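Peer 1: From the sequence below, what's the structure:
(chains A and B)
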Amino acid sequence: MPEVFTSAIIDAPIARVWEVIRDFNALPAWHPLIAESRIEGGAPSDQVGCVRAFRLKDGGFIRERLLALSDYDCCCTYSILESPMGVTDYVATLRLMPVTDGDRCYAEWTAEFECEPDRADALVTQIGEGVFQGGFDALKERLGG
Amino acid sequence: MIRVRRSTVIDAPVAAVWEMVRDFNGHDRWHPAVSRSELESGRRTDQVGAVRRFRLSGGEQVRERLLALSDRRHSLRYTIVDSDVPLENYVAEIALRPVTDGNRTFWTWQSRFDAPPGQEAELADLVAEGVYSAGFDAVRSRVERRDRTRPATVSVAARVPVQSGAIEGEGIVMARHGGPGVLVPAAVQAPPPGPGEVRIRQRAIGVNYIDVYCRSGYFNLIQPPGIPGMEAAGEVVDVGARVSHLAPGMRVGYACPPVGAYAAVRTMDAALVVPLLDAIDDVTAAAGLLKGMAAEFLLHRVHAVKPGDTVLVFAPAGGVGNLLCQWARHLGATVIGATSSDDKARAARAAGAHHVIQPGADSLAAQVRALTDGRGADVIYDAVGRDTFGHSVAALANCGHLVSYGQASGDIGDWNISALASNSATVSRPNFAHYTDTPEKVASITTRLFDALVSGVIRIRANHRYPLAQAAEAHEALEGRRTTGSVVLIPDGESGLDSAGAGA
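Peer 2: Coordinates of the predicted model:
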């Protein structure tokens, strides 16, 4: 099962970073690849089980279900229900941890999934460097790097 | 219950930090608050349940037990068993996480404990600042990348001027584990040597099967992205402070971890680098240092071959196998080579094998016994692994010694050692690193190796030379069993390619 692991240091207090990313419907506000997003059925975006349907700037359409959300651990886990990426059993976790030395924040975005074996390396790179690190770069730019 | 948590970022790869902190009994080497530490009742430092007994700088004695250790998660937990400091129910955890953005380390050190009423704040501060933050700073000063932490002006110029700034050269960078295609040419930098370091302009680089294992991920010696390779020869550009055995212009070589040899320029620990005799040229050194050092300890240290022994060598046309044949014959042994083709059989005979056998209708054991009046081999050097291990055990003489030093055909898997009772066999699985991990061992091995080379006891054949940029092709040839003798890589602009074509 291919695994993606991307992590970064964001030079902002963990509470500020968590405030931005805990909103499951807020991807367009901070992630550069996302154009628009909505929560299906009008559910609150912090209701575990809710589904976000969003469109990428390149036109791709993705639906993801919120599987777990913890304000105590500053982490959320979600799965892909529908996407153009050709992956199945995709589960990802975005987690923050405090760096007490400097009041900064460690951010870790991991995923595992199934796909055609010959596409695994390319997908790991695309997700890890494009989607995850791209998101971290945007957060660093916005909140402090 | 008091909870304390401190975390920081260390500007070094997680493996470097983990190597330092995973040693449960090694904290006295880096933590300023810890004086001498020792393990109780002979346990190992990575044995869960081990108890370390140490004194703090104030003289207080503390005993702590290792509760959990995970190399996968880079974490360990421990508890205070008893202590002169009034911490009760103390359980602490150290956990490291890689920061992929910059190849750094995120380190969390946390605990919970009880303290006597009125002393909570004082003890929490002692733990958080005196132990955890002080520990962060101590490790940081030891492992952070030198070029970022060292002040711009350092007085290493006292003896020999060090060229300011990094030197760039061509190299091979492995972006991930995988097939030969992951070896990609890239520009690499050799920073000025720090204290105890040397910077080398490399003229020839050895290719070894261990490089294949590192590339594929079978051996965990390289965390991509990184530069593979363990062996090279060249010329000293400059040396840092406290290096007394090397000087600019000297010809030198090395064959050892850490990896990073596939480069035209390299800065590394000078203690691992030995001067070369004039009689040993760069290509010969790069082709033979690692294999020659392996042959030296296999024949003299793992097993001391003596006159009259029957020695069976697998892959006698290969790099180490060829040297084993030459050297074992010189030591007075009867040498049998076991190989797969007529060409390789000729190479084995040329290397000194008295007999060469090829797998066929008769089993290996039957052929060896036919050559030894039914006795079998006293010592067998087997780097083939899975396909031959069982045959090797069967071909041993009573009380014989099987030295399994590689696994070209795959991992040997699980064996029931009861099977060794059939001939009271001894099996060794030597690891190159453990025979070459101190300057003293390297000096001792290379002294005997250089004597053997200079006196003609062994000859090293660098039959295959590739430009450094074609490292992937060199790996393909090695894995495709299309090579005899050694394979070397020549950096662009060096003269080693002139005398022989690429991929001869």
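Peer 1: Tell me if I'm right that residue B:83 and residue B:58 touch.
Peer 2: No. If you go by C-beta atoms under 8 Å, residue B:83 and residue B:58 don't touch, sitting 12.0 Å apart. C-betas here are computed from N, CA, C, even on glycine.
Peer 1: didn't residue B:32 look like it was pressed against residue B:133?
Peer 2: No. The criterion here is C-beta under 8 Å, and residue B:32 misses it with residue B:133 at 11.0 Å.
Peer 1: Settle it for me: which of the two has more neighbours?
Peer 2: residue B:133 (16 against 12; other C-beta atoms under 10 Å in any protein chain shown).
Peer 1: Next, the more buried one: phi, psi?
Peer 2: phi -60, psi -40 (degrees, to the nearest 10).
Peer 1: ok, and the closest non-adjacent residue to it?
Peer 2: Nearest non-adjacent residue to residue B:133, counting by C-beta to C-beta, 6 or more residues apart in numbering or on different chains: residue B:6, 5.6 Å away.
Peer 1: and the one you found, what are its bridge partners?
Peer 2: Residues in a beta bridge with residue B:6, per DSSP bridges, are residue B:109.
Peer 1: Same question for the one 4 residues further on.
Peer 2: Under DSSP bridges, the beta-bridge partners of residue B:10 are residue B:105.
Peer 1: distance of it from residue B:329?
Peer 2: 52 Å (C-beta to C-beta, to the nearest Å).
Peer 1: Isn't residue B:120 up against residue B:2?
Peer 2: Yes. Residue B:120 is in contact with residue B:2 according to C-beta under 8 Å; the separation is 5.7 Å.
Peer 1: Grab the most central residue of chain A for me.
Peer 2: residue A:94 (5.6 Å; C-alpha atoms, centre = their mean).
Peer 1: How is residue B:49 assigned, secondary-structure-wise?
Peer 2: Here residue B:49 is coil, with the state taken from DSSP: H, G, I helix; E, B strand; the rest coil.
Peer 1: Now do the same contact list for it.
Peer 2: B:43, B:65-66 (C-beta atoms under 8 Å, 6 or more residues apart in numbering or on different chains).
Peer 1: From those, which land in strands?
Peer 2: B:65-66 (DSSP state E).
Peer 1: can you tell me the helix or strand for residue B:433?
Peer 2: helix B:432-435 (DSSP states H and E).
Peer 1: Can the lengthiest helix in chain A be said to contact chain B?
Peer 2: In chain A, assigned by DSSP state H, the helix with the most residues is helix A:133-143. Yes. Counting by C-beta under 8 Å from any C-beta of the partner chain, chain B is contacted by helix A:133-143 at A:133, A:136.
Peer 1: Please spell out which residues along stretch A:50-63 are buried.
Peer 2: Neighbour counts using 16 or more other C-beta atoms under 10 Å in any protein chain shown place A:50-54, A:56, A:62 of stretch A:50-63 among the buried residues.
Peer 1: Touching it from outside, list them.
Peer 2: With C-beta under 8 Å, 6+ apart, stretch A:50-63 has contacts from A:24-25, A:27-28, A:32-41, A:43-45, A:64-66, A:80-85.
Peer 1: Check stretch A:8-18 too.
Peer 2: So stretch A:8-18 is in contact with A:71, A:74, A:96-99, A:102-107, A:133, A:136-137, A:139-140, A:143-145, B:9, B:99-102, B:104, B:106, going by C-beta under 8 Å, 6+ apart.
Peer 1: Stretch A:31-44 too?
Peer 2: A:24-28, A:45, A:49-58, A:63, A:130-131, A:134-135, A:138.
Peer 1: In strands, which of the residues you listed fall?
Peer 2: Filtering the contacts of stretch A:31-44 for strands - DSSP E - leaves A:51-56, A:63.
Peer 1: farthest pair in these?
Peer 2: A:51 and A:56 (16.5 Å; C-beta to C-beta).
Peer 1: if we can go back for a sec, export the longest helix of chain A as PDB, just CAs?
Peer 2: Output of helix A:133-143 as PDB, limited to C-alpha atoms (Å, rounded to 0.1, in the frame of the first residue of the first chain):
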ATOM      1  CA  GLN A 133       3.700  20.400   0.400                       C
ATOM      2  CA  GLY A 134       1.800  22.900  -1.900                       C
ATOM      3  CA  GLY A 135      -0.700  23.300   0.900                       C
ATOM      4  CA  PHE A 136       2.100  23.700   3.500                       C
ATOM      5  CA  ASP A 137       3.900  26.300   1.400                       C
ATOM      6  CA  ALA A 138       0.600  28.300   1.100                       C
ATOM      7  CA  LEU A 139       0.200  28.100   4.900                       C
ATOM      8  CA  LYS A 140       3.800  29.200   5.500                       C
ATOM      9  CA  GLU A 141       3.300  32.100   3.100                       C
ATOM     10  CA  ARG A 142       0.100  33.200   4.800                       C
ATOM     11  CA  LEU A 143       0.900  32.500   8.400                       C
END
